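Peer 1: Give the three-dimensional model of this entry:
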Amino acid sequence: MKKAADLRIPFVWAERYPVLLEKCLYIPSFYTRHEEWTILPWETIFIKKAPIHLEYCSGNGQWIAERAKRHPEINWVAIEKRFDRARKIWGRIQREELDNLFVVCGEGEIFTRYYVPPDSVEQVFINFPDPWPKLRHAKHRLVRKSFLEDLRRVVLRGGKLTLVTDDQVYREEMKQEIGACSFWKKEFEVTEWPDYGGSWFFDFWTGKGRTIYYQHYVSD
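Peer 2: You can find the predicted model right below:
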């Protein structure tokens, strides 16, 4: 049986390029020629045709792996920019034989803008995105108007968007960014969602007494 350490990038850094490995798409950092790559239809990635659900900021994959097991009727895509974490998710896919789970190692905004087919995603989850609290690092935040516009291109009309964070300041900023996009309509906002599922970040922050904020939207 394959394990996480078996996932290897087949080139040296100076010769980097996006590459589709077994159940993993690797998009290297500081690569700029994304327009040269053809968008792969989901049918070439998954064994069966099914609704597509994306999770951004997947961490070690605990949340999305459990979702994939509970909902085999859905095809799941984990997007995680750190290779060490993405490799752990890939290891879960191999170990637990999750044919309906695929992992992307790369920047979420880049993947969405250049690699996701338009009007092909039913639901999006953004779980505990890094708030980048310092002002000089604000450009690194994922949930910005430009990213939300890219999401609208790939999400089906009536598709869903859920954002989860423990950071109250970032929660308010995300609301402002989404508020600037007329095509995302809020359905509800809660601080408890019993059947949402857990993750390393959920356990870590609730263990420190932090409140978890859930925001749920639908595309217009």
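Peer 1: any idea of the mean pLDDT for the lengthiest helix in the chain?
Peer 2: Longest among the helix segments of the chain by residue count, using DSSP state H, is helix 83-96. Model confidence over helix 83-96, given as mean pLDDT, is 96.
Peer 1: Can you name the next helix or strand after that helix?
Peer 2: Proceeding C-terminally, helix 83-96 gives way to strand 101-105 as the next helix or strand, assigned by DSSP states H and E.
Peer 1: mind exporting that next one as PDB, just the C-alpha atoms?
Peer 2: Extracted in PDB, the C-alpha atoms of strand 101-105 (Å, rounded to 0.1, in the frame of the first residue of the first chain):
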ATOM      1  CA  LEU A 101     -11.300  12.500  -3.200                       C
ATOM      2  CA  PHE A 102      -8.600  14.400  -5.100                       C
ATOM      3  CA  VAL A 103      -6.000  16.800  -3.800                       C
ATOM      4  CA  VAL A 104      -4.500  19.900  -5.200                       C
ATOM      5  CA  CYS A 105      -1.300  21.300  -3.900                       C
END
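Peer 1: CA atoms only for the helix or strand just after that strand, dumped as PDB, please.
Peer 2: Taking DSSP H and E as the definition, the helix or strand that follows strand 101-105 towards the C-terminus is helix 108-114. What follows is the C-alpha trace of helix 108-114 in PDB, where atoms were taken according to Å, rounded to 0.1, in the frame of the first residue of the first chain:
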ATOM      1  CA  GLY A 108      -6.300  28.400  -4.100                       C
ATOM      2  CA  GLU A 109      -6.800  31.500  -6.100                       C
ATOM      3  CA  ILE A 110      -4.400  30.300  -8.900                       C
ATOM      4  CA  PHE A 111      -6.100  26.900  -9.000                       C
ATOM      5  CA  THR A 112      -9.600  28.500  -9.200                       C
ATOM      6  CA  ARG A 113      -8.700  31.000 -11.900                       C
ATOM      7  CA  TYR A 114      -6.800  28.800 -14.300                       C
END
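Peer 1: How far off centre is helix 108-114?
Peer 2: Using Cα atoms, centre = their mean, to the nearest Å, the mean C-alpha position of helix 108-114 is found 10 Å from that of the whole chain.
Peer 1: Now do Glu36: how many residues are near it, please.
Peer 2: For Glu36, the count of nearby residues is 9 (other Cβ atoms under 10 Å). Where you see a C-beta, it was placed from the backbone N, CA and C, and this is true even at glycine.
Peer 1: same thing with Trp42?
Peer 2: Applying other Cβ under 10 Å, we find 18 residues neighbouring Trp42.
Peer 1: That one reaches Ile52, doesn't it?
Peer 2: Yes. Counting by Cβ atoms under 8 Å, Trp42 sits close enough to Ile52 to count as a contact (5.7 Å).
Peer 1: For those two, list the residues in contact with both.
Peer 2: Residues within reach of Trp42 and of Ile52 at once, by Cβ atoms under 8 Å, 6 or more residues apart in numbering, are 75, 120.
Peer 1: so what's Arg82 closest to, chain neighbours aside?
Peer 2: Closest residue to Arg82 in three dimensions, ignoring its sequence neighbours and counting by Cβ to Cβ, 6 or more residues apart in numbering: Cys105, at 7.7 Å.
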